[in-house]
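Trainee: predicted model and sequence below, questions to follow.
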Amino acid sequence: MKKIELHVHLDGSIRPNTVSNLLNMPLEEVKEKMIVKKDNKDLEEYLTKFDLPIKIMQTKENLKRVSYELAEDLKNDDIIYAEVRFAPNFHTKEGLTLDEVVESVIDGVKSINEIKINFILCMMRGASYDDNLKIIEVAKKYLNKGVVAIDLAGDEARYKTRDYKDLFDIANKKNIPFTIHAGEADGALSVADAINFRAKRIGHGIKTIENDDIINSIIKNDITLEVCPTSNVDTKAVLSYEKHPIKKLFDKGIKVTINTDDRTVSNVTLSSEYKRLKSSFGFTSKDFFNMNVNAVKASFMPLEEKTKYINILKEDYNENIHGKAW
């Protein structure tokens, strides 16, 4: 089934083989440090799995390589359009400029056919105001040249969404689209803050289920949730897959999209996520088709391209319901 992915982190989706090769470390040791265990305590522990990937993502060549390889992996997962996010400030430790970092990952995906990839640049919770402001500035420079939006990521429970209002005011003034991680490690009020900043998309947003007023606000403001079920279980945002609120959110009329978050860290593909959602909650191929259409509409790609991708999804769905895999 052809699919759209709006929420996938570059540094959380690097091939362990690549890290093993570049750091000359045994593959099993690399996997131990990059893939989360089922007894992971919380988001803070989950975020330690990014240490090795960030260590290798400090040269132009390595950034191009991991970007290319993720594009290849997404294409092989039948994804036709993806918005890949990463935090450029993490990749300047050995002298690269922010421009060089951004240009390297954009260059990495240029030769991949059958999939279109745009990038979202992450500001980080806990980073300085000036460092996050630089992300807004570099995003503006490359807007619609491979970059389509900014994001706010990191430890949501420790660094509250409301504390970043000034930065999103600047993004709004510069007409830079944005999504915000909210309602994952923190409660529903984090989502309310993101809505007040005029976010049209929320990364995760699952704690919305705790507050009917915020549910109504999401529907009224036509906001789309980027939901990552397996990751939410891994970070202990939900207690188990079966207790994930995705079906309740979907049934209430919220626009839900399905995403992996971190393909390597959570050891998941979008195809495996669909299969598990189908078996756990009874989602149908029509439901997934509608979610993918929602994802195209909520994407940050130009309007004229959205029509093209919706037509591709329709054609694929019509073929599927006449006897193919679904």
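Mentor: Looks like it arrived, so ask away.
Trainee: what's next to the strand or helix carrying residue 62, contact-wise?
Mentor: Per DSSP states H and E, residue 62 falls inside helix 60-76. Identification of contacts with helix 60-76 by C-beta atoms under 8 Å, 6 or more residues apart in numbering yields 5, 8, 10, 13-15, 18, 22, 53, 56-57, 82, 84, 91, 96, 100-101, 104-109, 111-112, 114-115, 117, 263. In this view, the C-beta of every residue, glycine as well, is placed from N, C-alpha and C.
Trainee: quick one: least confident helix or strand in this structure?
Mentor: Averaged element by element with mean pLDDT, DSSP states H and E, the chain has its least confident helix or strand at helix 43-46 (a mean of 82).
Trainee: now stretch 205-223: how far from the chain's centre is it?
Mentor: In terms of C-alpha atoms, centre = their mean, to the nearest Å, the centre of stretch 205-223 is found 19 Å from the chain centre.
Trainee: just checking: what are the partner strands of the helix or strand just after the helix holding residue 62?
Mentor: Heading C-terminal from helix 60-76, the first helix or strand you meet, by DSSP H and E, is strand 79-86. Note on strand 79-86: by DSSP bridges, its sheet partners are strand 3-9 (parallel), strand 116-124 (parallel).
Trainee: quick one: mean pLDDT over strand 79-86.
Mentor: In this model, strand 79-86 carries a mean pLDDT of 98.
Trainee: coming back round to it: who wins for proximity to residue 240 among the strands paired with strand 79-86?
Mentor: Nearest of the strands paired with strand 79-86 to residue 240, taken as C-beta to C-beta: strand 3-9 at 21.0 Å.
Trainee: report all helices and strands that the next helix or strand after that closest one contacts.
Mentor: Downstream of strand 3-9, the next assigned helix or strand under DSSP H and E is helix 16-23. Here helix 16-23 touches helix 27-34, helix 51-56, helix 60-76, going by 3 or more C-beta pairs under 8 Å, 6 or more residues apart in numbering; DSSP states H and E.
Trainee: mean neighbour count, those: which tops it?
Mentor: Mean neighbours per residue, mean count of other C-beta atoms under 10 Å, is largest over these for helix 60-76, with a mean of 20.
Trainee: got the angle between that helix and strand 116-124?
Mentor: Using axes from the mean of the first three to the mean of the last three C-alpha atoms, to 10 degrees, the direction of helix 60-76 lies 120 degrees away from that of strand 116-124.
Trainee: can I get helix 60-76 in CSV, CA atoms only?
Mentor: C-alpha atoms of helix 60-76 as CSV (Å, rounded to 0.1, in the frame of the first residue of the first chain):
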residue,chain,number,x,y,z
LYS,A,60,29.1,16.2,5.0
GLU,A,61,29.8,12.8,3.7
ASN,A,62,28.2,11.0,6.6
LEU,A,63,25.1,13.3,6.6
LYS,A,64,24.6,12.7,2.8
ARG,A,65,25.0,8.9,3.4
VAL,A,66,22.5,8.6,6.2
SER,A,67,20.0,10.8,4.4
TYR,A,68,20.3,8.8,1.2
GLU,A,69,20.0,5.5,3.1
LEU,A,70,16.9,6.6,4.9
ALA,A,71,15.3,7.7,1.7
GLU,A,72,16.1,4.2,0.3
ASP,A,73,14.6,2.5,3.3
LEU,A,74,11.4,4.7,3.1
LYS,A,75,11.0,3.9,-0.6
ASN,A,76,11.4,0.2,0.1
